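Engineer: sharing a sequence plus its predicted fold:
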Amino acid sequence: MVSANRGTFSRLGFVLAAAGCAIGLGNIWKFPYRTYEHGGGTFVLVYLGAVILIGAPIMAAEILMGRRTQQSPVGAFLDLAKGITGGKLWSLVGWLGVAAGFMILSYYSVVAGWTVFYVGKCLSWSIGGFAPEQAAALETDFVQGFLQSGTMQISFHGLFMLATMGTVVLGVQAGIERVNKILMPILFIILTFMVIAACFAPGFGEAMSFLFHLGPVDASAILDGVGQAFFSLSLGMGAMITYGSYLSREDSIPRATVMVCGLDTLIALMASVVMFSIIFTVPVAERGDTFSDSAIILFTTLPRLFYGLPGGAIMSPVFYLLVVFAALTSTISLLEVVVAYFIDRLGWSRRKATSIVGAGIFALGVPSALSLGANETLSTMKPIEAAGAGFFSLFDYLATNWMLPVGGLLIAIFAGWFLKSHLTRDELEQGHGPLATPHRIWQWSLRVVVPAAIIWVIAAVIGGKTFT
Ligand code: PHE
């Protein structure tokens, strides 16, 4: 069942919304941390390779499937698999995507809640003053005061879900497109100013040579680069199928793909330049082992470093506001994938779908919110060794390490081998112009390069490598 009134993004609206979907905590929180972990430039290069060779072809495939069928993932697969071997089984891939969206949003919104809390905290520090004792107590306050408080965790998670639901309920144009059109330019502007400010920081030179200095490549950097590309570009779960279903037939899919991949990468790099310039400005003796825990960089180390710098009192709340915006435009897309399923397949109204699905995701997020110290059992459970301890880590592990790469692999195989060449070529050329050779290259990369790379990554995951 296709609802008559699906809504369509404007051309700029699509690029901003899809970039908003892609740009999120993955760019500002995960990417700099991973880059640091893998020694800088080498990881950046590997990541760029993964975006170009694996990410971009899958993104084009997802957008294409969405626009062709005007459906969210389950419907898109059902439609396109008609008369194809395996037939209805392919819709399971769509289902996997809806389930991944549900799961990822449940814990993503908990972390997003921390960013809201930090806007408030930084405002109060900037106005009331940031004393050295506060700097020293930051980590304890964060871990013991905030993370271990079930009430705080659930409240901020709930707040973020409400903001997400408040946008999605307004619909494709009045809600999603409008919020992205406002927040994304603000995000670019703030980040550009921060990059300019970072250029004058004493640590800028060191940050640049760190980010662009090449060292030897090791296998784990390649594996992490691929996992990061999936998460950061929002691939493998049908988010881009859903947004693609709102892309106008006048717009070019290749152009949109290049724009979204480019913007996502640019923001990750800009965020890294800012963070490393701040980090390298502070002498090693003072900053200590900055990256011992990924959650700690953004929420305990960074504010401390901010307040040690000139202009830090202004930059710090503005920076967290930027992270809130980035996270919100991603949570909107995650919720939309699930909501669109209920609207398209079950004929629910947007209001009904948003409230019921939103409430369900909020509820599923509660165990994650309580697994950061508030509840002993949830915080220490470890059913899968590689996932680490706690319900939160388990969900992140299952979604990032399994559901996205497997989803991406199946989407690549489906689009590369099962969709008719004339169909994919027609859709890629629609709104663009002739693309005979690029279409061939794209098709063969989905047939061979992408599956080979993902299977290699999955084999490595089975071998015990984790991506988080
Ligand atoms: N890409 C988002 C980020 O970088 C996360 C996300 C994953 C959003 C999958 C939608 C779908 O934060």
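Structural biologist: Yes, it's here. What you see is a predicted model; the values in this text were computed from it and never measured.
Engineer: which bits of the stretch 251-400 of the chain sit near the ligand?
Structural biologist: Within the stretch 251-400 of the chain, the positions adjacent to the ligand are 330, 333-334 by C-beta under 6 Å from any ligand atom. Bear in mind the C-beta positions are built from the backbone N, C-alpha and C, glycine included.
Engineer: ok, the residue in the stretch 101-250 of the chain positioned nearest to the ligand - contacts?
Structural biologist: Residue of the stretch 101-250 of the chain nearest the ligand, by C-beta to the nearest ligand atom: residue 234 (3.5 Å). Neighbouring residues of residue 234 by C-beta atoms under 8 Å, 6 or more residues apart in numbering: 21-22, 24, 240, 330, 333.
Engineer: narrow these to those in helices?
Structural biologist: Among the contacts of residue 234, the members found in helices (DSSP state H) are 21-22, 240, 330, 333.
Engineer: dump the residues of the stretch 251-400 of the chain next to the ligand to a markdown table, plus neighbour count and pLDDT.
Structural biologist: Putting those into a markdown table (neighbours: other C-beta atoms under 10 Å; pLDDT from 0 to 100) gives the following:
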| residue | neighbour count | pLDDT |
| --- | --- | --- |
| 330 | 27 | 95 |
| 333 | 26 | 94 |
| 334 | 27 | 96 |
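Engineer: could you dump those to CSV with distance to residue 424?
Structural biologist: As requested, these are exported to CSV (distance: C-beta to C-beta, whole Å):
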residue, distance to residue 424
330, 28
333, 24
334, 27
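Engineer: among the residues you listed, which one lies nearest to residue 198?
Structural biologist: residue 330 (23.6 Å; C-beta to C-beta).
Engineer: can you give me the helices in the stretch 351-468 of the chain?
Structural biologist: Counting by DSSP state H, counting those that start in this stretch, the stretch 351-468 of the chain has helices at residues 376-380, 391-397, 404-413, 421-429, 436-444, 450-462.
Engineer: comparing those, which gets the lowest mean pLDDT score?
Structural biologist: Lowest mean pLDDT within these: helix 450-462, at a mean of 85.
Engineer: so what's residue 278 closest to, chain neighbours aside?
Structural biologist: Counting by C-beta to C-beta, 6 or more residues apart in numbering, residue 305 is the residue found nearest to residue 278 once chain neighbours are left out, at 5.1 Å.
Engineer: before we move on, the earlier item: most tightly surrounded among the helices of the stretch 351-468 of the chain?
Structural biologist: Highest mean neighbour count among the helices of the stretch 351-468 of the chain (mean count of other C-beta atoms under 10 Å): helix 404-413, with a mean of 24.
Engineer: tell me how many other residues crowd residue 302.
Structural biologist: 22 (other C-beta atoms under 10 Å).
Engineer: picking up where we left off before, work out for me the element the residue of the stretch 101-250 of the chain closest to the ligand sits within.
Structural biologist: For residue 234, there is no host helix or strand (DSSP states H and E).
Engineer: quick check, pLDDT for it.
Structural biologist: On the pLDDT scale, residue 234 is placed at 96.
Engineer: how near is it to residue 331?
Structural biologist: For residue 234, the distance to residue 331 (C-beta to C-beta, to the nearest Å) stands at 11 Å.
Engineer: shared neighbours, the two?
Structural biologist: Any residue near both residue 234 and residue 331 by C-beta under 8 Å, 6+ apart counts here, and that gives residue 24.
Engineer: least confident secondary structure element in this structure?
Structural biologist: helix 294-296 (a mean of 57; mean pLDDT, DSSP states H and E).
Engineer: after it comes which helix or strand?
Structural biologist: Immediately after helix 294-296, counting by DSSP H and E, sits helix 302-306.
Engineer: residues in contact with that following helix?
Structural biologist: Residues contacting helix 302-306 (C-beta under 8 Å, 6+ apart): 118, 121-122, 125, 135, 138, 275, 278-279, 281-282, 287, 312-313, 315-316, 319.
Engineer: 10 Å instead?
Structural biologist: Contact partners of helix 302-306, identified using C-beta atoms under 10 Å, 6 or more residues apart in numbering, comprise 32, 118, 121-122, 125-126, 130, 132, 134-136, 138-139, 142, 203, 274-275, 278-282, 286-288, 290, 296-297, 312-317, 319-320.
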